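prediction below, plus the sequence it came from.
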Amino acid sequence: MDAVRSMKIFIAVAEAGSFTAAALELDATTGYVSRMISELEARLRTRLLNRTTRRLALTEAGERYLNRCRDILASIEEAEAEASQAHATASGTLRVHAMASIGQNYVVPAVAAYQRRYPDVAVDLTLSQNVPDLLEEGYDVALRVSPGPLPDSNYISHQLGAVRGVLCASPAYLEEHGTPNTIDDLAQHMRLQVALPVFPADHWRLIGPDGEHDVPLPRHRFKVNVPDAMAVALHEGMGIGALPTLAARAALRAGTLVRVLPDYHLQTLNIYAIYASRQYVDAKIRTWIDCVRDSIADALTEDARLTGAHAERRTTQTNAAATSAAPAAARG
C-alpha cells in the first residue's frame, strides 16, 4: 500500500466523519475507501476508527496517528514546494570547479557579477588542474578547456568561448637577450614549457600568416603545470614561454610582459561549461551558465582587443623603423 496515499485517505475519513463523505471528496467509491482504511489498520495492527452504523470515531491511537499524518504530509508538501522552487528561483549553494587560470581570471569576476544579481546563492569554487567527476565529487558545474570538441559523455556541455595561447617574455629578458624577429630566432632563446594537457608536451605549434610551425622545446630546462606560475617565471626573466591569453592579460595590459612574435599564436582553446543533466535544471545552474557565458564573452573580447592592439602597435613600430632607415640607406 502507498503509505502517503493511505495517510491522505485516513485524514479525509477522519475529517469528513464517514466513508461516504470522504469518498465523494476523493472522487472514489465508498467501498474503496473502506477497504483502504481496513488494510491500513491491518498493516499497523491497530484500530484507528471505531465504527457504528451511524458514525465513525477516532480511537486514541487514531488521534495520535492523525496528528502525525498531518505533520508528515505538511513536510512532504514543503519539500515538494522547495524542490519546485529550485527550478524556478536561484538559491542555495552552487559548487563550481575550474582550472586555476580560468578560475582566477574569468570565473571569480563572473561570480562577483552573478552574486550581485542573485544574492541568495552561495558559490563554492574549487580551482585545480584535475578533471573532476561531477556526480561523485558533488559539483554542479565544471569549466574545462579543450583544444577541440569534448569527448562524448553523459554530461551536458556549453561552449562559453575560445582563448588562444601566445608567446610572452619580460621586457628585461628581451633587452638582455634580444627580441626574436622570426621563428628561427627562437632557437637562440630559453624556451619554457607550461605542462598542460591542452598543449603538446615537447613543442610549440605556432600558427601565423605563413601557416603552422612546430618549435621544439629543450628538455630539462624548466616546465610548470600552472599558467600563472609560468607567468611568474617569465616576469623573473627566465625566458620566453607560452601562455593562454587569460593568464597573460593583466601583465600584457600593464606592460610587465610583452608579446613575442605577435603575428603568431598557439592553438585555440575552447572553454566549456559542463553539468549533469538538461532536464529540470536547477535555477542556480541555469542562471550561472547564462551569467558566466556573458562574463567570459566580455573578457575574451577584451583579450582580443588587447592582443590585437599589441600586435598592431608592434607592426606599426617595425614599419616606422623601416621607413626611417630607408632614407639613411639611400644617403649612404
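Looks like it came in fine. Residues are numbered from 1 along each chain as shown.

can you give me the neighbour number for His177?
By the criterion of other CB atoms under 10 Å, His177 has 15 neighbours. All C-beta atoms are positioned from the backbone trio N, CA, C, and that covers glycine.

and it, how far is that from Leu167?
14 Å (CB to CB, to the nearest Å).

try Pro244
12 Å.

same thing with Gly62?
Gly62 sits 81 Å away from Leu167, going by CB to CB.

and those two? Which one has more around it.
For Gly62 versus Leu167, the count of surrounding residues by other CB under 10 Å is larger for Leu167: 25 against 21.

doesn't His302 lie inside a helix?
One correction, residue 302 is Glu, not His. Yes. Checked against DSSP: H, G, I helix; E, B strand; the rest coil, Glu302 lies within a helix.

excluding covalently adjacent residues, which one is nearest to it?
Nearest non-adjacent residue to Glu302, counting by CB to CB, 6 or more residues apart in numbering: Arg249, 7.3 Å away.

looks like that neighbour contacts Asn105 (just checking).
Yes. Arg249 lies in contact with Asn105 (CB atoms under 8 Å); the separation is 6.6 Å.

where do the contact lists of the two overlap?
Ala299 (CB atoms under 8 Å, 6 or more residues apart in numbering).

all strands for the chain, in order.
Ranges of strands within the chain are 49-51, 56-58, 92-98, 121-127, 141-146, 156-169, 191-194, 203-208, 211-216, 223-224, 240-244, 258-259, 268-275, based on DSSP state E.

quick one, the fourth one and strand 141-146 angle?
What it means is strand 121-127. Angle, strand 121-127 to strand 141-146, by axes from the mean of the first three to the mean of the last three CA atoms, to 10 degrees: 40 degrees.

list the helices and strands strand 121-127 packs on?
strand 92-98, helix 108-117, helix 283-331 (3 or more CB pairs under 8 Å, 6 or more residues apart in numbering; DSSP states H and E).

and the first one, what other elements does it pack with?
Of the remaining helices and strands, those touching strand 92-98 by 3+ CB pairs under 8 Å, 6+ apart are strand 121-127, strand 141-146, helix 283-331.

got the CA coordinates for that strand in CSV?
Coordinates of each C-alpha in strand 92-98 appear next as CSV, following Å, rounded to 0.1, in the frame of the first residue of the first chain:
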residue,chain,number,x,y,z
GLY,A,92,21.2,27.5,-2.2
THR,A,93,24.9,26.7,-2.7
LEU,A,94,26.4,26.4,-6.2
ARG,A,95,29.5,24.2,-6.4
VAL,A,96,31.8,25.1,-9.3
HIS,A,97,35.1,23.5,-10.4
ALA,A,98,37.5,25.2,-12.8
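
now it and helix 108-117, what's the angle there?
Put simply, strand 92-98 runs at 170 degrees to helix 108-117, going by the same axes, to 10 degrees.

tell me which residues are up against strand 92-98.
86, 106-107, 111, 120-128, 132, 134, 137-143, 282, 284-285, 288.

among the residues you listed, name the buried ones.
The neighbour-count test (16 or more other CB atoms under 10 Å) applied to the contacts of strand 92-98 identifies 86, 106-107, 111, 121, 123, 127, 132, 134, 139-143, 282, 284-285, 288 as buried.

remind me which residues of this structure are low pLDDT?
Low-confidence segments of the chain (pLDDT under 70): 1, 53, 80-88, 152, 197-198, 220, 278-280, 303-332.

quick one, domains of it?
The chain breaks down by automatic domain parsing into domains covering 3-88, 92-319.

what sits against Asp210?
Under the criterion of CB under 8 Å, 6+ apart, Asp210 has no contact partners.

make that Val131, sorry
By CB under 8 Å, 6+ apart, the residues touching Val131 are 142, 144.

same check on Ile9?
Residues in contact with Ile9, defined by CB under 8 Å, 6+ apart, are 22, 26, 33, 36-37, 40.

spatially, which two of those are the most separated?
The span of the contacts of Ile9, defined through CB to CB, is set by Leu26 and Leu40 at 14.2 Å.

neighbour-wise, which of these two wins?
For Leu26 versus Leu40, the count of surrounding residues by other CB under 10 Å is larger for Leu40: 21 against 17.

go ahead and confirm the more buried one touches Leu48.
Yes. Leu40 is within contact range of Leu48, at 7.0 Å (criterion: CB under 8 Å).

and for those two, which residues touch both?
In contact with both Leu40 and Leu48: Phe10, using CB under 8 Å, 6+ apart.

quick check, nearest of the contacts of Ile9 to Val13?
Distance ranking of the contacts of Ile9 against Val13, using CB to CB, places Ala22 first at 4.3 Å.
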